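# missing the sequence, but the structure's below:
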């Protein structure tokens, strides 16, 4: 399982980072959902990707620990689903 690998090794791709973040969010009491789908790529087209959605106070947010690591100048945590930093496709 992705989360187990992430906790044991402290590293991993977008799926591993999303899975470990998902597990921590659930333990912290958040209404979290692990998502595997795709995102718009800088070079064009779409590529596979994993992230977490958190629902809080009736609103849903995207949390993307992999992209936060890759592009730390942007805020990829608690992005409103209707205005995320990049284009996520479900």
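Ah, there it is. Note that this is a predicted model, so its numbers are computed, not measured. Numbers count the residues shown, from 1 in each chain.

# where along the protein do the strands fall?
Along the chain, the segments classed as strands by DSSP state E run 31-40, 46-56, 59-63, 79-80, 88-89.

# same list, those strands, but as a markdown table with mean neighbour count and distance to residue 69 please.
Just so you know, the C-beta spots here come from the backbone N, C-alpha and C atoms, and that holds for glycine as well. As requested, the strands of the chain are exported to a markdown table (neighbours: other C-beta atoms under 10 Å; distance: least, C-beta to C-beta, whole Å):
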| stretch | mean neighbour count | distance to residue 69 |
| --- | --- | --- |
| strand 31-40 | 16 | 15 |
| strand 46-56 | 18 | 12 |
| strand 59-63 | 17 | 12 |
| strand 79-80 | 16 | 15 |
| strand 88-89 | 14 | 17 |
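
# including mean pLDDT and distance to residue 2, could those go into a markdown table?
Compiled in a markdown table, the strands of the chain are given as follows (pLDDT from 0 to 100; distance: least, C-beta to C-beta, whole Å):
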| stretch | mean pLDDT | distance to residue 2 |
| --- | --- | --- |
| strand 31-40 | 97 | 9 |
| strand 46-56 | 97 | 8 |
| strand 59-63 | 98 | 15 |
| strand 79-80 | 97 | 21 |
| strand 88-89 | 95 | 18 |
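
# so which of these comes closest to residue 14?
Among those, the nearest to residue 14 by C-beta to C-beta is strand 46-56 (4.6 Å).

# parallel or antiparallel, which strands does that closest one pair with?
strand 31-40 (antiparallel), strand 59-63 (antiparallel) (DSSP bridges).

# so in terms of bridging, what pairs with the closest residue to residue 89 other than its chain neighbours?
Of all residues not flanking residue 89 in the chain, residue 38 sits nearest, at 4.8 Å (C-beta to C-beta, 6 or more residues apart in numbering). Counting by DSSP bridges, residue 38 forms beta bridges with residue 48, residue 89.
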